[in-house]
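Chemist: Show me how the following folds:
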Amino acid sequence: MEALTPAPLVHYFDTHVHQILCGLRGFDHRSTKHSRGVTCQACVGLLGTRLAADAPGRSDVASAHGWKAS
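Modeler: Numbers count the residues shown, from 1 in each chain. Okay, the predicted model is just below:
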């Protein structure tokens with residue numbers, strides 16, 4: 001039976017602050033600026049939190065389109 005090789009750990013590189021999102025430092029770590037390739041669970045969690053915080057609420061969407069929020 002073949003041994004399974006673990007998937008390489010890939011971190012999210014935040015281009016706004018120029019560092020890995022989970023706070024890991026050093027040049028010997030794999031990172032990407034594309035969220036779909038991230039395998040670091042800490043980075044994935046922080047990305048999810050960031051996306052939830054950046055998502056507009058119903059009233060924001062309504063006001064952006066000039067509608068009245070219900």
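Chemist: residue boundaries of the strands in the chain?
Modeler: Assigned by DSSP state E, the chain shows strands spanning 10-14, 19-20, 30-32.
Chemist: With Cys40 as the reference, name the closest of those strands.
Modeler: Cys40 lies closest, by CB to CB, to one member of the strands of the chain: strand 10-14, at 4.6 Å. The way it works is simple: take the backbone N, C-alpha and C, and place the C-beta from them, glycine included.
Chemist: Can you pull out the residues in contact with that closest one?
Modeler: Residues external to strand 10-14 that are found in contact with it (CB atoms under 8 Å, 6 or more residues apart in numbering): 19-22, 24, 29-33, 35, 37-40, 43-44, 46-47.
Chemist: what do you get if the cut-off is 7 Å, keeping everything else the same?
Modeler: Under the contact criterion CB atoms under 7 Å, 6 or more residues apart in numbering, strand 10-14 has outside partners 20-22, 24, 29-33, 35, 37-40, 43, 47.
Chemist: from these, which ones fall inside helices?
Modeler: Among these, the ones falling in helices (DSSP state H) are Cys43, Leu47.
Chemist: remind me which residues of this protein are low pLDDT?
Modeler: 1-3, 56-70 (pLDDT under 70).
Chemist: tell me the contacts of the most centrally placed residue in it?
Modeler: For the chain, the residue nearest the mean C-alpha position is Leu47 (2.8 Å; CA atoms, centre = their mean). Residues near Leu47 by CB under 7 Å, 6+ apart: Tyr12, Leu21, Ser35, Val38.
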